[in-house]
Structures are given as C-alpha cells and as structure tokens.
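Peer 1: coords below, sequence missing:
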DNA sequence: CATGAATGAGCGTTCATTCAT
DNA sequence: AATGAATGAACGCTCATTCAT
C-alpha cells in the first residue's frame, strides 16, 4: 500500500513513470474495451504488471480515473489555448474553439474516446461532482464568451445557455464522429463544424 | 420451462403484458438508478416479480435492453411524426424535428433519460451494432432531408453529415439539459434550440 | 441478491433452513479456525454451498455475524433463565448465574468459543456498538442485582461495578477454561467458580 | 541483503535500536488501531521506515508479534516483582499481584491494550502455542503460590486452578476496565479488585 | 542496512443466469 | 407461467512478503 498520498512534487522518478504507464494503459483499456470493462485486471494486463500495483500507486479506482481525466484534460487544455495569433474577433474565437477541439479529437482519438467513455459512465458520487464542477466551469466560461460577443454586436441575441448546450453536445460527440471518417477529411470536418456554429451564432449567412 | 423469445406474432396476451411490465420497470430502474445499477434483481423488485422471470421472458439481458430501446424509440418515433398540419417548408420541418424531440424529452423525461443512459453505456457488441444500425437509419433520413432542403435552395450548402452529427448530439443531450431547467422554460428552450439549428441551416439571420 | 430484508415472520421454510445451516457453519468455522479465518469461502465450504449464497441470504458479513451472536445469545439466555425452583436468596442467585453460565459453556462449547472469538475480534463499528449496548445491558442488570443484595445485607459493601468486571471477565473466559478440563470435572468446576464469587460477595467464609 | 533473526547476542547496536523502534511502533499501532489493522505498512509509517525493513529485521510477522509480547511481558514482569518491602503474608502477596497488575494497566495503558489485542486475536498456531506456554508458566507460578498459602492456613481450601482462571481473566480484562474509568479512580479500583480476590481466597470477611 | 516497488493470494460483495419446484 | 434459491466468475481492495537497487 502506498504509505502516503504524495503530491506531485515529491514523487520519485520511478513512481512517476509507473503512474504515467498505468494512466496510459487505463486510457487504452477504456477507449478500446469501454469503461465498464476497464477493470484493474485488464488495465494491469495491458501494462504487464499485477493488479495490486495499481492500488499501490493510486489507492482507489476513483483516484486512478481522476488522474486519467486530469491527464487528458491537461493536454486538451494546453492544445485548446490556441495558436499564438491574436483573435480577430468573437467569431474567430468561436471557430477556434470548435476547430481546436475537433482537431484534437482527430489527433488524439484514444484519449478523447476514453474521456467520452468516462464522462458518460456511472462514476462514484465524489467523482461525479468533481466532473460536474469542471463542466460547470467550462460552461460558464463559454457562456461568458458568447454574452460578450453579443454585447459587441458580433453575435445575434440567442440564449447563450442553450447555445452552450448544443455546442458542448457536439464537441462531446466529436471523438465518435471523427472516428467514423478517414483522416484526410478531419480538417474539412473541423471547418464545417466551425461554420455551422459560426452561422448559428452570427446569423450572417 | 420453455425457451422463449418468440417472435411478436405468437405471444400470448399474458406474455405480452408481462413483457411490457418488465420493460417499464427496467426503464424506471435505468432512469432512476443508472444503467449500471439496473440489475435484474432491482428491475424485478420494481415489477414485484422474481428475477428469474426476466430471463424467462427475455432470455438475456441484451434482449431486454434491446426491447427497452425498441419500446422507447417506437413511442418517440410516433411522437416525432409531427402534427397533422402540413409542413410549410424545409425550415419548418427542421424546426419541428428539434421542438418535437425537445418537447418529448420534457414530457417523457424518464424514458429519455433511460435512453441516454443505455446509449452511452458499454453494451455488448451485438447490441452495440444493433444500436449503430438504428442510428445509421435515423442519420440517413436526416441527411436526406437536409440534402433535399439544399436542393430546394432553402438550406445553405453545408455538409449534411456534419450538420447531422451536431444535431444528433444536441438532441441526445437534450434530456439532461431539459432536466436542469424548470418546466415552464421548456417551451422556450425548444424554440431557442430550433432557432439555433434553423439559423445554422439557412444562414438567413 | 436477497431482494428484501425480510423480518423473521415471512421467511420461507427453505430460507429459514438455509440461514440456520449457514449460521451453524459460521459458528463451527469461527470456533475451530478463529474469527479472522472464518471467511465466506471457508464457511461456505463447511456448508457445502457457494460463497455467493451467504451474501444472498445475509446481504453482508456484518449481518451474518449479528445473526450468529443473536442465535448464540438467544440460546444462552434461555438456558440462563434458570430452573423453575424459586431463588433462596441473593447468594443463591449469584451462584446460579455462575453455574448456569459455566455449565452452558461445558455443554455448548463450540457456540461459546465462537462467541468469545467474535466478541474479542475487530468488528465493524456498527456491530461493535450493538455488542457494547448488549454488554452494557447485561452489566447494568448484574450491578443492580448486586446492589440489591447489599441493601438486603446479604452481600458485603464492595463496589458492584468492580465485582461485575471481575465476574464478567471470569465468565467470558469460561469457554477456554472449561475446554482445558475433562468433561467429568465440569460440574465441580462450576461449583468451585460459584464458591469463589459467593465468597467474594458475602465474605462469610 | 542478509537473512536475519539472529539471537540476542550477536546483534549490532544499530540493529537492536531498530528492533526496539519497530516494536514500539507496532505496540502503538496495535493499541490505537487494533490488531487486525496493524499491518506492516501502518507500523512502518509510524516508525517512518519502509515496510520491507520490518521483514528484514523480523523475517515474519509472527516473529514481530512474538517480540512485541516479549517486550511487554518483560516490562510487566519487572514491574510485578513488587516493591522492596518484604511480604507480610500470602494475602499481602495476593493483593500485591492484583494491585501491581491493575496499577501497571493504569500507568502503561498502551502496552496493556496492545497485549490484550494480541492475546485475543487469531494468531498463527506456532505463536498461539508460544503464548500458551507462557500462560502456563504464569499459571503454574500462581497455582503454586495459592497452594502454599493454603498449606500455611492463610487461604481457604478452594481449587487453585479455578481461582487462577478467575484471577487471570480479571487481570486480562483490566486494561479495558481501567480505561473506562477516570484516572483518579484507578487507585481505588485496584484496591477494590484486590479486596475481592483477597476475600475470595481467605473467606475471612 | 535500508528502501519501496512489486507480487499474488485472499477478502466481501455483485450479478446475469440456471433450474428444481 | 412463475418462483427464488443457487452458482461461479468478476469486481476493487488489502496485505505479508520478496527483491532489485
């Protein structure tokens, strides 16, 4: 058993490597076999370790899943921060959100499929709340962005909450949609999806 | 004891009634306790029958879930066929799809929540494919409708596949979104969502 | 899984029989292998059933142990109610408590050894409290009896709480002590132990 | 790495210190968390060492527990050897045994609680026998003392084995009984308990 | 000497499914 | 047609012990 719940700082090199390896194996297992089949035994088999070692490093399955989500979201957030070019306006911002997300789904399909699996699974209550808090934060940010765009007259006067629902739903299902298509169409797919929401937001035609 | 899963035709009246009862209990269990907690024992308890009877009538859990989805989709399809008034055009048709679906989510929350639960769960492969085939049919219908609308010049020239992805995603998440809001806002919610996709499709502003 | 937590009344004949069988097997396992080795697998092996069946009938291990204690204590209490002859005084009452208990240990060694094992084990908190409440009740009864005996001048003025501690300790260890001796000495053992506490209580010599 | 469990003689200074440190941590863990929760990981955490080091120094858990009991009993025996004043007779000797033990329970509660925990736990057979042998030795000594007291006419003619059972039981449960009471009553408690057994032994009143 | 990562058996519990009644 | 007792595999988790470093 892991004697303490060390914070990131004071983990040994080996421990860090093992944790990464286990998180990676968990992502693969979840993405390829589904959340409900991603048991410690199966995850451990993928990592060629014993199941007990997962508990040793993560204490509970809840912790492991939390780490899986954290790992994926950290990389996703980094990717979503967008390119270095300054925004040319709210429509440009909206387009970048969509294309950024879809492009990431295309380039990291396993992570994003695993993310979808986990988020739609029956999680322990504490984790459920953790996820809900994260979702709320993301929603609030987007609602704020849309409202601001309306104030600047770039967006038509829709209900930002409803728009956010639709956009989040589309982005959440993106991993699946993208997976159905050949890689060479992913760029076009991202542009089309961005067009759709830009159109819906501006009504400019 | 007699192996079952007869085809619809040669089922006795009693057998049909039992099957309906079990399907109803399963929907309630899935909606209220989540798919992963909807075990035969819990479903049977809700129907005040023994767990063995479920297997007797459905042979496997997979069959029961198939029936649950069939039951919900049949009712949903019937409701979605739209009112008796003739369509006033493709935009009107699109709006009716959205409002019809969202309104149904508002009026039959349990069924739709259960549907969401099942569709996002890790189903056995055979059932997964069954669902996928059903999805494909629905998608094809919508894609056809959108293409037709473009041919008539009512819709702008977006990619109908991408549009369908976004619309299906939004409709799939509707049960949750609707559940977050007070009942008196459901009508407005449906209209806002319809506006959003009408705008995206027509680009008329 | 056992659909409900039926009360004693409405259990089927078969269920009652199984529960008794399991409780009996659990007592044997605890007495012969010790509490910590009395796992569901071992108990089930003694009863020639599958481990899952224990959970089916008792839901949790805590419930099973509670039932084990209840079963033993019910029989012990019945045996301790004493013979039909009226008490001849407080000393006689005290002697009967001791001889009754020791005699029961001699005639039902397995039950009493199991009881000792369970009561001295690390139980789940809820069960621990259940046991503590039972203990307190027994102690209070004995303290009351001793105090009354002092009021009537039959007992010398010792501290009844301390006396109760010593008596309970001696009775609790009786299963072990009795087990160390051949059966033909058990009667004499009970009388000697009764003498000891009678002497300590009366100081009469 | 080198197999260990050397005999006392050829242990280095450091090794002795480590063993003492581990034994102390084990006693604290057992007393505060219960025997069944006193795993190597928890004991090691208290000693701020790694769990592997315990095995290194003691080879098996059984050895560690053996050492724990030896450590406690050695200190207890030293304390029980009684004060420097010469015994004033057998009753005085008996009283000193009781008050000495109870007083030690009051002044070293952790050790004595740990001892109780260990002795009432399900130990490996070999250790069980080790403990039994130790018990037998203590019992024999007490039986001899009581018999001698009877020969000198100071004690009434009870069965010394039975008396020893009762006295050992009372002393074994003393840690718990004492812990239930406020510190200022411990002296009176010891005296009351001594009175009880003196009375039972002499019958003088 | 000491670490702590790693193992593998065992734990209580859940569950779809079977089957004697 | 229906019951509900029974199974056995799988689950997350704990632990004494091992061993490469």
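Peer 2: It's in. Predicted model, so just to flag it, every value in this text is computed and none were measured.

Peer 1: Please count neighbours and contacts with C-alpha atoms only from this point.
Peer 2: OK.

Peer 1: what's near enough to touch the residue nearest the centre of chain A?
Peer 2: Nearest residue to the geometric centre of chain A (Cα atoms, centre = their mean): residue A:73, 4.9 Å. Under the criterion of Cα atoms under 8 Å, 6 or more residues apart in numbering or on different chains, the contact list for residue A:73 is empty.

Peer 1: Span of stretch A:72-92 from start to end?
Peer 2: 25 Å (Cα to Cα, to the nearest Å).

Peer 1: Per the annotation, how does chain A divide into domains?
Peer 2: The record's domain parsing of chain A by automatic domain parsing lists A:8-59, A:70-202.

Peer 1: at contact distance from DNA strand E, anything in the helix or strand where residue A:26 lies?
Peer 2: Element membership for residue A:26, per DSSP states H and E: helix A:13-33. Yes. Using Cα under 7 Å from any atom of the strand, helix A:13-33 comes into contact with DNA strand E via A:14, A:15, A:18.

Peer 1: From DNA strand F, how far out is the first one?
Peer 2: Per Cα to the nearest atom of the strand, to the nearest Å, residue A:14 is found 11 Å from DNA strand F.

Peer 1: Counting neighbours, what do you get for that residue?
Peer 2: 9 (other Cα atoms under 10 Å in any protein chain shown).

Peer 1: ok, now which ones touch residue A:195?
Peer 2: Here residue A:195 is in contact with residue A:95 (Cα under 8 Å, 6+ apart).

Peer 1: Could you say which helix or strand holds residue A:144?
Peer 2: Applying DSSP H and E, one finds residue A:144 within helix A:125-151.

Peer 1: Please point out which parts of that helix sit buried.
Peer 2: A:127, A:131, A:139, A:142, A:143, A:145, A:146, A:147, A:149, A:150 (16 or more other Cα atoms under 10 Å in any protein chain shown).

Peer 1: pLDDT wise, what is the residue nearest to residue A:22 when sequence neighbours are not counted at?
Peer 2: Counting by Cα to Cα, 6 or more residues apart in numbering or on different chains, residue A:22 lies nearest to residue A:47, which is 6.4 Å off, once chain neighbours are set aside. As predicted, residue A:47 sits at a pLDDT of 95.

Peer 1: Tell me how many other residues crowd residue A:47.
Peer 2: 19.

Peer 1: picking up where we left off before, reformat the residues of helix A:13-33 next to DNA strand E as TSV; add pLDDT.
Peer 2: Shown next, in TSV, are the residues of helix A:13-33 next to DNA strand E (pLDDT from 0 to 100):
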residue	pLDDT
A:14	85
A:15	88
A:18	94
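
Peer 1: which stretches of chain A have low pLDDT?
Peer 2: Counting by pLDDT under 70, chain A contains low-confidence ranges at A:1-9, A:82-84, A:205.

Peer 1: Now do the helices in it.
Peer 2: For chain A, applying DSSP state H gives helices covering A:13-33, A:40-47, A:51-58, A:61-80, A:90-107, A:109-119, A:125-151, A:160-179, A:186-202.

Peer 1: Need those in CSV (columns: distance to residue B:202).
Peer 2: Formatted as CSV, the helices of chain A follow (distance: least, Cα to Cα, whole Å):
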stretch, distance to residue B:202
helix A:13-33, 37
helix A:40-47, 48
helix A:51-58, 51
helix A:61-80, 29
helix A:90-107, 18
helix A:109-119, 31
helix A:125-151, 20
helix A:160-179, 17
helix A:186-202, 9
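
Peer 1: Residue B:159: which of those helices is closest?
Peer 2: Nearest to residue B:159 among the helices of chain A is helix A:186-202; the distance by Cα to Cα comes to 6.7 Å.

Peer 1: what's the angle from the closest one to helix A:125-151?
Peer 2: 60 degrees (axes from the mean of the first three to the mean of the last three Cα atoms, to 10 degrees).

Peer 1: got the angle for helix A:186-202 vs helix B:160-172?
Peer 2: 60 degrees.

Peer 1: Show me which residues of helix A:186-202 are buried.
Peer 2: Neighbour-count burial for helix A:186-202, counted by 16+ other Cα under 10 Å, picks out A:186, A:189-202.

Peer 1: relative to helix A:90-107, how tilted is that helix?
Peer 2: Per the same axes, to 10 degrees, the angle that helix A:186-202 makes with helix A:90-107 is 150 degrees.

Peer 1: Tell me the spatial nearest neighbour of residue A:34, not counting adjacent residues.
Peer 2: Distances taken as Cα to Cα, 6+ apart place residue B:122 nearest to residue A:34, at 5.7 Å, with adjacent residues excluded.

Peer 1: Roughly how far does that neighbour sit from DNA strand F?
Peer 2: 13 Å.

Peer 1: can you pull the contacts of the nearest residue to residue A:98 once chain neighbours are set aside?
Peer 2: Excluding the flanking residues, the one nearest residue A:98 by Cα to Cα, 6+ apart is residue A:194, at 5.4 Å. Applying Cα under 8 Å, 6+ apart, one finds that residue A:194 lies in contact with A:94, A:95, A:96, A:98, A:99.

Peer 1: Any chance of TSV for those residues, columns neighbour count?
Peer 2: Listed next are these as TSV, based on neighbours: other Cα atoms under 10 Å in any protein chain shown:
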residue	neighbour count
A:94	21
A:95	20
A:96	20
A:98	26
A:99	25
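
Peer 1: ok, so of these, who is nearest residue B:41?
Peer 2: Each of the contacts of residue A:194 was checked against residue B:41 using Cα to Cα; the closest is residue A:98, at 43.9 Å.

Peer 1: Let me see the contact set for the closest one.
Peer 2: A:171, A:190, A:193, A:194.

Peer 1: Relative to residue D:87, how far out is the residue lying closest to the second one once chain neighbours are set aside?
Peer 2: Counting by Cα to Cα, 6+ apart, the nearest residue to residue A:190 once its immediate chain neighbours are dropped is residue A:99, at 4.9 Å. Between residue A:99 and residue D:87 the computed distance is 95 Å (Cα to Cα).

Peer 1: Okay, the residue nearest to the centre of chain A and residue A:104: tell me how far apart.
Peer 2: Counting by Cα to Cα, the gap from residue A:73 to residue A:104 is 11 Å.

Peer 1: now swap in residue A:142 and tell me
Peer 2: Residue A:142 is 18 Å from residue A:104, by Cα to Cα.

Peer 1: What of residue A:17?
Peer 2: Applying Cα to Cα, the value for residue A:17 to residue A:104 is 24 Å.

Peer 1: Now do the buried residues in stretch A:106-118.
Peer 2: A:106, A:109, A:110, A:111, A:112, A:113, A:114, A:115, A:116, A:117, A:118.

Peer 1: hang on, isn't residue A:186 packed against residue A:106?
Peer 2: Yes. Look at residue A:186 against residue A:106 with Cα atoms under 8 Å: they come within range, at 6.5 Å.

Peer 1: about what we covered before: which ones are touching the residue nearest to residue A:34?
Peer 2: A:34, A:35, A:36, A:37.

Peer 1: from those residues, which would you call buried?
Peer 2: A:34, A:35, A:36.

Peer 1: Surely the first one and residue A:117 touch.
Peer 2: Yes. Taking contacts as Cα under 8 Å, residue A:34 lies within contact range of residue A:117: 6.5 Å.

Peer 1: that older thread, between the buried residues of helix A:125-151, which sits nearest residue D:164?
Peer 2: The closest of these to residue D:164 turns out to be residue A:127 (Cα to Cα; 57.6 Å).
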